[in-house]
Structures are given as C-alpha cells and as structure tokens.
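> What shape does this take:
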Amino acid sequence: MPIRFPPGAVAYAKDGRRYVVDEVAGDTAYCTAPGGGETEFPESQLMTEAEWSARSGNRRDVIYGKIKQARAYAPYKGTLERAASEHFLKKAEQLFPGLLDFAAFSVASRALDESGDRALIPDLSIVKCRELFEGATPQTRATLLAGILGAVPEKIVGGARLGDNLARAMIEKGLDVAAFDAFGSRRRQ
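Take a look at the predicted model:
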C-alpha cells in the first residue's frame, strides 16, 4: 500500500495552508510550515497536492483574475511618459536579470495578501504573474517597480536615461537584496 504522505511531501490543510510533511506516525502527520513552525495534524485532515488541486478546481484561475483586478493594476493616471517607462523597464531588466519577474511576483503576492488569500502565495506561478505584469501599461509597470524599490517613479524613470551607473545605483539603493536573492532560487513554473 503506497504511503499517502511520504517525508518531504507537500500537504494542504483545509484552509489552504501549505505544509511539508516531516513524518507520519500512526494517524498523526508532523509538518513544517513555510515559516519554519512545526505542527501536527490528524492525517485525515490533510490533502495531498493532487487532492488540493482537484478540490480547488479553477480556483487558481480565479486567483489570477483577482490579481488582475487588484488595485495595483488599476488604469494608470500619472505623468510618466510611455517611452521613458519602457526604457527604464528594459534598463532594469538588463542591469538586474530577473528583476521584472521578481516585481511581478511581488505585486501578485501583495494583491493576494490584501485580498486575504495569503495561503496561496507559495503556489503562484512566476510565468503567470509575469504575464499579468506584462499586460499592464509600461507606466503602470514602471510605477509598480518603483514602489517595490521605494523610489519616486518620476525620479527613477528619469534617472534611467542618465546612464547605467545611475540606474544601477538607484535600483540597488531600494532593492531588498535578500528577498531578490531568495526569489532567484525559486523554481520558475
């Protein structure tokens, strides 16, 4: 008889929280939460990844729809120029490969957090988050990236036209390097 939750398997609680199974003894599953906290559940109250996917059905598609409708992707109403925003985004990706993926994932994570669906953040697809991000206007994307970097959009977009060194310095100043490096080790799915 196959083991339902071998050590290292992903398990989902009924509320959608994701855990990694450390061990199953009898009817009790000992798990670790993404933050490192340890907990235990009756095995019958956990779902495998396949069971969770079947239960949630199209919920993931609904989640990406919810992200697209988030306040972050509202129509742009600022003063940034389209060409300058495009230049800034290209320069940022050139200087820091993967930065736009990081921005797209960060925006989606914030949107889920704001909507109360924080438990679904570990299941986000970087590819789908990037598709949503690319669907926004260049001005919106530049504003979102500036927000992640803690910069004034007009200043950082304008600074990108003054050369690579200034753009690199402005991005490095606001970039959470630890979070960006941790994101870099995430599987691109």
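> contacts and neighbour counts: CA atoms only from here.
OK.
> for the lowest-mean-pLDDT helix or strand in the chain, packing partners?
Scoring the helices and strands of the chain by mean pLDDT, DSSP states H and E places helix 49-56 at the bottom, with a mean of 73. Contacting helix 49-56 under the criterion 3 or more Cα pairs under 8 Å, 6 or more residues apart in numbering; DSSP states H and E are the following elements: strand 10-12.
> make it 10 Å
Contact analysis of helix 49-56 by 3 or more Cα pairs under 10 Å, 6 or more residues apart in numbering; DSSP states H and E lists strand 10-12, strand 47-48, helix 59-68 as its packing neighbours.
> top strand in the chain by residue count?
Here the longest strand in the chain is taken by residue count, with DSSP state E as the criterion, and it is strand 18-25.
> tell me which residues in the helix or strand in which Gly159 is found are buried?
Mapping Gly159 onto the secondary structure by DSSP states H and E places it in helix 153-160. Buried positions in helix 153-160, judged by neighbour count with 16 or more other Cα atoms under 10 Å: 153-154, 156-160.
> which parts of the helix or strand just after it are buried?
Taking DSSP H and E as the definition, the helix or strand that follows helix 153-160 towards the C-terminus is helix 164-174. Of all the residues in helix 164-174, those buried under the rule 16+ other Cα under 10 Å are 167-168, 170-171.
> Outside of helix 164-174 itself, list whatever touches it.
Defining contact as Cα atoms under 10 Å, 6 or more residues apart in numbering, one finds that helix 164-174 is touched by 88, 91-92, 94-96, 99, 145-151, 155-161, 175.
> Return the distance of stretch 121-133 from the chain's centre.
Here the centre of stretch 121-133 is set off from its chain's centre by 6 Å, with Cα atoms, centre = their mean, to the nearest Å.
> The most centrally placed residue in the chain is in what secondary structure piece?
With distances taken as Cα atoms, centre = their mean, Phe105 lies nearest the centre of the chain, 2.9 Å away. Element membership for Phe105, per DSSP H and E: helix 99-115.
> in that helix, what counts as buried?
For helix 99-115, by 16+ other Cα under 10 Å, it's 99-112.
> would a markdown table of those residues with distance to Thr28 be doable?
Written out in a markdown table, the entries for those read as follows (distance: Cα to Cα, whole Å):
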| residue | distance to Thr28 |
| --- | --- |
| Leu99 | 42 |
| Leu100 | 42 |
| Asp101 | 39 |
| Phe102 | 37 |
| Ala103 | 39 |
| Ala104 | 38 |
| Phe105 | 34 |
| Ser106 | 35 |
| Val107 | 37 |
| Ala108 | 34 |
| Ser109 | 31 |
| Arg110 | 34 |
| Ala111 | 34 |
| Leu112 | 31 |
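> pLDDT-wise, what's the bottom of the residues you listed?
Checking pLDDT across the buried residues of helix 99-115, the minimum falls on Leu112 at 86.
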